[in-house]
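Q: no FASTA, just this:
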């Protein structure tokens, strides 16, 4: 995708996911908007969500657009501030808000106005008072410095054409000692040229995938420590559904990505708050 400008890629991603948001509010799609199925609930159980998770949020919040369950690796605690990068219809934000409780807060950021509108409507339906959604790009977060205890994201960072900026922004908005807990796709082999230059596969969470080594370098250069990237081999089963017949499961896989922002001198000891 090197022959396209970053803004062109962002515009394509925004247009694609705006169309998803407008689909009758049903959100019946997997990570790739081109591979819609009949059951977002079925897709979500493949990603590690429980039946209770699926019934605990407003109808329409679960858009089935992820590749994992970031909340499962985030170890959220009551009172924490959680920031969701690419919050979509609000599914992970609502689950996070329930976990951090009334003394905590969940903030979702999405660059698609249609998604923000949908998420805000879902928040009103569910009477959430500790959730808010902000329009913005994950490369330039509309969030103050050192505000979040935890950053989560579900199959969104791969869509950014400027991933180092995303990680620098994540580092900026995390509190000292804060942590990153992301589910995303990573490349396990060099992507064929016809895949790398396929815009539909980019907006479908495939062509923008980076190798584990590249992601580790980006995170390290952004300032993160305790970087752990754990691929999920079982994810190949649902990833092959994103582009039937293209064998993309031979090149990308879902992974859990965790890292932390170091404490600065005199910041104290991290207590999870």
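A: Cool, got the structure. Computed from a prediction, not measured in an experiment: that's the story for all the values here.
Q: residue boundaries of the helices in the chain?
A: 6-21, 40-46, 51-55, 71-74, 91-100, 113-125, 163-173, 193-196, 199-203, 212-222, 236-239 (DSSP state H).
Q: and those as a markdown table, adding mean pLDDT?
A: Formatted as a markdown table, these follow (pLDDT from 0 to 100):
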| stretch | mean pLDDT |
| --- | --- |
| helix 6-21 | 88 |
| helix 40-46 | 54 |
| helix 51-55 | 67 |
| helix 71-74 | 88 |
| helix 91-100 | 94 |
| helix 113-125 | 94 |
| helix 163-173 | 98 |
| helix 193-196 | 89 |
| helix 199-203 | 89 |
| helix 212-222 | 97 |
| helix 236-239 | 88 |
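Q: for residue 123, list the residues it contacts.
A: Applying C-beta atoms under 8 Å, 6 or more residues apart in numbering, we find residue 123 in contact with 58, 90, 94, 131, 132, 133. (Glycine included, C-beta is placed from N, CA and C.)
Q: which strand runs longest in this structure?
A: The residue-count maximum for a strand in the chain (DSSP state E) belongs to strand 174-187.
Q: residues of that strand that come out buried?
A: By neighbour count with 16 or more other C-beta atoms under 10 Å, strand 174-187 contains the buried residues 174-175, 177-187.
Q: so which of these comes closest to residue 245?
A: Among those, residue 185 lies closest to residue 245 (C-beta to C-beta), at 18.6 Å.
Q: check contacts around the closest one.
A: 31, 67, 155, 158, 205, 206, 209, 239, 252, 253, 254, 255.
Q: quick one on the thing from earlier: just the contacts of residue 123 now: which is nearest residue 228?
A: The shortest gap between residue 228 and any of these belongs to residue 94, at 26.3 Å (C-beta to C-beta).
Q: what's the neighbour count on the closest residue to that closest one other than its chain neighbours?
A: Excluding the flanking residues, the one nearest residue 94 by C-beta to C-beta, 6 or more residues apart in numbering is residue 57, at 4.3 Å. By the measure other C-beta atoms under 10 Å, the count of residues near residue 57 is 22.
Q: ok, residue 57 - contacts?
A: The contact partners of residue 57, taken as C-beta under 8 Å, 6+ apart, are 90, 91, 94, 95, 122, 126.
Q: and the buried residues of strand 174-187, which is closest to residue 10?
A: Nearest to residue 10 among the buried residues of strand 174-187, with distances taken as C-beta to C-beta, is residue 184, at 17.1 Å.
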